[in-house]
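*Asks:* Okay, predicted coordinates and the sequence, questions at the end:
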Amino acid sequence: VINNGSSFTNHEYVDVRITPDLGVNDIVSMRYSVNESPISTSQAYQSPFSVGVGSENGEKSIRVELIDAAGNISPLYSWDFALNTTIPTGNLTINNGALYTTDRAVNLLIVPTAGSNEIVSMRFSNDNIYWSSLESYNPRKTYTLSSGDGNKTVYVQLLDRFGNVGVLQSSIFLDMTPPKASVLINNGGQYTNNTNVAIEITPDIGVNDITYIRYTINGLPPTTIAYTNRFGINVGSTNGEKEITITLFDAAWHSSTIYSATVTLDTLPPTATITTSKTSLKIGDVSTVTITFSEAVTGFDDGDLKAENGTLSGVLSTDGGITWTATFTPDPGITNTTNVITLDNTGVTDLAGNSGFATTDSNNYAIDTQQPNSPSNFQAIGKDRKVELSWDKNQETDFKQYNLYKIIDSVKSLLSTLPKGRLSY
């Protein structure tokens, strides 16, 4: 048996093993030839023995003759085979050449170099030390990476029909952990007057592989940009609610949870109306003043209001800053039919940061807190057990009537109500 009966070898020395037939025990010498060379001189019989066939790749042959003690020569035993010592080479590609993967199961493509010897089997390793069992060569293989995120190298051992072994290797980064961060949209505010809404991203400790950001506005098709920790999203110029979503991706396109917020764009300044519960006030009257803004405002206080011929108590809102009330008390000694309360809108700001402008006036109200003068030239003349009263006419334009009282034993009581033209009683 020459070369273990194989037609292929990668060794320069080939074993020859001789097993005499049953009963044959007188073989004493032998001779052989290599690669069609002349047969050698006789030498002592031995089995097994090695024959050098040269280092050049190619077709090889060995011829052997056996000789017994009587000089009888056996038939010529021969074997043809091929020698090749070329190590297999090629390319190993993981997931079509991707740099990252989010799954331990990857697809391998194993392509020997063109012109290589026929590959008959292969096996795999994660560390180039411990190998899987040999299996038939197939250019495609589903392989499971070792556990744990990080760079993973896959080794493939290729065995050709001559017994030559070559090793291919390739690497890919396994990332099974989605990126995590704190995402602040519009500084956490619900309102804005800026069409570019500010976004601030703070990755969690140890997260340093965020690569892309994808955002949407009101469910429109998403926009993907390179990662930056601060940027602005243009939400358009139309006022109203803007639902913003943010998704983070690492280099492996592993996606984070979806961060979202609804921000209301408001570029209009707040406006207001002012009404008084009474349009005419006299001595002892007060009026409830209602200031109604177009939206909730901040920064509003007594200093933003100016009341003619009266004072206002502290303004107060019970609905979040839209409706405010105060109490107006007219000044004493005033007779004026044209009065308003004026709001300086520049002192108020809506929740989006828009400041008011110009001023707003209330409805008109009249004030009459001037007491009428006592009648002049008042006289009382006793006659026939009666008292006759007389006086001069009051000159106030808004004078209405006279009230006559009597006091007996410190008790005051109304005698009569007289029209303004009556000047005696």
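*Replies:* Noted; the coordinates are in hand.

*Asks:* Per-residue pLDDT of residue 41, please?
*Replies:* pLDDT, residue 41: 84.

*Asks:* In this structure it contacts residue 31, no?
*Replies:* Yes. Assessed by CB atoms under 8 Å, residue 41 is found in contact with residue 31 at 6.5 Å. The way it works is simple: take the backbone N, C-alpha and C, and place the C-beta from them, glycine included.

*Asks:* These two: which is more packed in?
*Replies:* Just comparing residue 41 and residue 31: by other CB atoms under 10 Å the higher neighbour count belongs to residue 31, 15 against 7.

*Asks:* What pLDDT does the model give the more buried one?
*Replies:* Model confidence at residue 31, given as pLDDT, is 95.

*Asks:* bridging residues for it?
*Replies:* residue 65 (DSSP bridges).

*Asks:* Against residue 74, how distant is it?
*Replies:* As judged by CB to CB, to the nearest Å, residue 31 and residue 74 stand 10 Å apart.

*Asks:* can you list residues touching both of those two?
*Replies:* Both residue 31 and residue 74 are in contact with 65, 67, where contact means CB atoms under 8 Å, 6 or more residues apart in numbering.

*Asks:* how close does the spatially closest residue to residue 159 that is not a sequence neighbour sit to residue 283?
*Replies:* What sits nearest to residue 159 in space, not counting adjacent residues and going by CB to CB, 6 or more residues apart in numbering, is residue 121, at 4.6 Å. Using CB to CB, one gets 114 Å for the distance from residue 121 to residue 283.

*Asks:* who's more crowded, these two?
*Replies:* residue 121 (16 against 13).

*Asks:* And the more buried one, how close does it get to residue 157?
*Replies:* Distance, residue 121 to residue 157, by CB to CB: 9 Å.

*Asks:* do residue 259 as well
*Replies:* Residue 259 is 47 Å from residue 157, by CB to CB.

*Asks:* do residue 2 as well
*Replies:* Plainly put, residue 2 is 28 Å away from residue 157 if you go by CB to CB.

*Asks:* Of these two, which one has the most company?
*Replies:* residue 2 (22 against 18).

*Asks:* contacting residues for the more buried one?
*Replies:* 14-16, 62, 64, 77, 79, 81.

*Asks:* Now a PyMOL select for only the buried ones of those.
*Replies:* Selection of buried members from these for PyMOL, criterion 16 or more other CB atoms under 10 Å:
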select buried, resi 14+16+62+64+77+79+81
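
*Asks:* wait, isn't residue 52 in contact with residue 13?
*Replies:* Yes. With contact defined as CB under 8 Å, residue 52 counts as touching residue 13 (5.2 Å).

*Asks:* contacting residues around residue 93?
*Replies:* Here residue 93 is in contact with 108-109, 111, 170 (CB under 8 Å, 6+ apart).

*Asks:* how long is stretch 324-339 end to end?
*Replies:* Terminal residues of stretch 324-339 lie 20 Å apart, using CA to CA, to the nearest Å.

*Asks:* for the record, mean pLDDT for it?
*Replies:* Average pLDDT, stretch 324-339: 96.

*Asks:* buried sites along it?
*Replies:* Across stretch 324-339, burial judged by 16+ other CB under 10 Å covers 324-330, 334, 339.

*Asks:* repeat for stretch 155-171
*Replies:* For stretch 155-171, by 16+ other CB under 10 Å, it's 155-162, 164, 166, 168, 170.

*Asks:* Just the pLDDT for residue 69.
*Replies:* Residue 69 carries a pLDDT value of 93.

*Asks:* In this structure it contacts residue 26, no?
*Replies:* Yes. In terms of CB under 8 Å, residue 69 counts as a neighbour of residue 26; the distance is 4.8 Å.

*Asks:* Need the contacts of residue 93 in CSV (columns: pLDDT, secondary structure and distance to residue 102).
*Replies:* Putting these into CSV (pLDDT from 0 to 100; DSSP: H, G, I helix; E, B strand; the rest coil; distance: CB to CB, whole Å) gives the following:
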residue, pLDDT, secondary structure, distance to residue 102
108, 98, strand, 17
109, 98, strand, 19
111, 96, strand, 25
170, 98, strand, 18
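
*Asks:* Which of those are buried, as a ChimeraX select command?
*Replies:* Buried residues among these (16+ other CB under 10 Å), as a ChimeraX selection:
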select :108,170
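
*Asks:* Now the two most distant members of the contacts of residue 93.
*Replies:* The span of these, defined through CB to CB, is set by 111 and 170 at 11.4 Å.

*Asks:* Could you tell me the phi and psi values at residue 95?
*Replies:* phi 50, psi 50 (degrees, to the nearest 10).

*Asks:* what's the answer for residue 347, then?
*Replies:* Backbone torsions for residue 347, taken as degrees, to the nearest 10, come to phi -90, psi 0.

*Asks:* give the contact list for it.
*Replies:* Each residue near residue 347 by CB under 8 Å, 6+ apart is listed here: 299-301, 303-304, 356.

*Asks:* Any figure for the gap between it and residue 340?
*Replies:* Here residue 347 is placed at a distance of 17 Å from residue 340 (CB to CB).
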